[in-house]
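Q: Pasted the sequence and its predicted model underneath.
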Amino acid sequence: MKPLNEQISDVITHEPVAVFMKGTPQMVMCGNSHRALQALHAAGAPITTVDILPDPRIRQELAQISGWPTIPQVFVKGELVGGADIVEELAATGELERKLSEALGEGYSGAREERVIALAPA
Amino acid sequence: MPAGYPDTTSMAAMEADTIRGLLEAAFPEATSLSVEDRTGGGDHFQVTVVSPDFEGLPLLDQHRRVDDALAAPLGDGSIHELRIKTKGTA
């Protein structure tokens, strides 16, 4: 098993849209994670979510990697876009869809099932 | 109000003023600055800062500047949740 920080980096690098959140899309455990998900859903983003709640080390390692202290964190093609406020604001202005098209190509919407990845802290 | 119970309304107001003070110190050129206690509990805040400091900065970096300005209350847990809205002045 890879170390936790590598598991996190892998998700950030390989998933088109990675969302580190509290809970899962089926059971969201935080209002801010909910806001970020809503904005991403509205934009049709093909998201992959990671629940940070099972182990506090996930959040610690993630903050080390991203330099961003809070949850949720949304990455598009490996690049940190922001948390709930930024994603919501980008969605409201249409900037989020433009960003997604630019990074993932036109027709990104609905091209892929939503995924949930469970990390395995050592 | 019974004696011995803190007046949460005025505590919250003080908190908002503290946050406002930190933001004013960090963004002296801000043209607009507001701090709203979203729940009245003194720990969930919405801050809005309009300042030339943000001109040309990506949104992510604008928010980072605000996080940095409020690093102390964020770090010690006195702010549980912070919603940020930033804007340049151009």
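A: The structure has been received and is ready for your questions. Numbers count the residues shown, from 1 in each chain, chains lettered A, B, ... in the order given.
Q: In chain A, which residue is most central in space?
A: A:Val19 (1.3 Å; C-alpha atoms, centre = their mean).
Q: Listing partners with orientation, what would you give for the helix or strand hosting it?
A: Taking DSSP states H and E as the definition, one finds A:Val19 inside strand A:17-21. If you go by DSSP bridges, strand A:17-21 pairs up with strand A:47-51 (parallel), strand A:73-76 (antiparallel).
Q: can you put the ones you listed in a markdown table and add distance to A:Met1, mean pLDDT and mean neighbour count?
A: Heads up, the C-betas are built off the backbone N, CA and C, glycines and all. Output for the strands paired with strand A:17-21, formatted as a markdown table (distance: least, C-beta to C-beta, whole Å; pLDDT from 0 to 100; neighbours: other C-beta atoms under 10 Å in any protein chain shown):
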| stretch | distance to A:Met1 | mean pLDDT | mean neighbour count |
| --- | --- | --- | --- |
| strand A:47-51 | 16 | 97 | 24 |
| strand A:73-76 | 22 | 98 | 24 |
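Q: of those strands, which approaches A:Met29 most closely?
A: strand A:47-51 (8.2 Å; C-beta to C-beta).
Q: Can you tell me what sits against that closest one?
A: Residues outside strand A:47-51 that contact it (C-beta atoms under 8 Å, 6 or more residues apart in numbering or on different chains) are A:8, A:11, A:15-25, A:37, A:40-41, A:58, A:114-119.
Q: can you rerun that using 7 Å?
A: A:11, A:15, A:17-21, A:23-25, A:40, A:114-117, A:119 (C-beta atoms under 7 Å, 6 or more residues apart in numbering or on different chains).
Q: and if you look at stretch B:17-30?
A: B:33, B:35, B:45, B:47, B:49-53, B:69-70, B:73.
Q: Spatially, which two of those are the most separated?
A: Of all pairs in the contacts of stretch B:17-30, the most separated under C-beta to C-beta is B:Pro52 and B:Pro73 at 24.6 Å.
Q: So for these two, which residue has more residues nearby?
A: A direct count of neighbours by other C-beta atoms under 10 Å in any protein chain shown for B:Pro52 and B:Pro73 places B:Pro73 higher, at 17 against 13.
Q: Return the residues in contact with the more buried one.
A: Applying C-beta under 7 Å, 6+ apart, the residues near B:Pro73 are B:19, B:79.
Q: Go through the one helix or strand it maps to and flag the buried ones.
A: In this structure, B:Pro73 sits in helix B:71-75 according to DSSP H and E. For helix B:71-75, burial by neighbour count (16 or more other C-beta atoms under 10 Å in any protein chain shown) applies to B:73-74.
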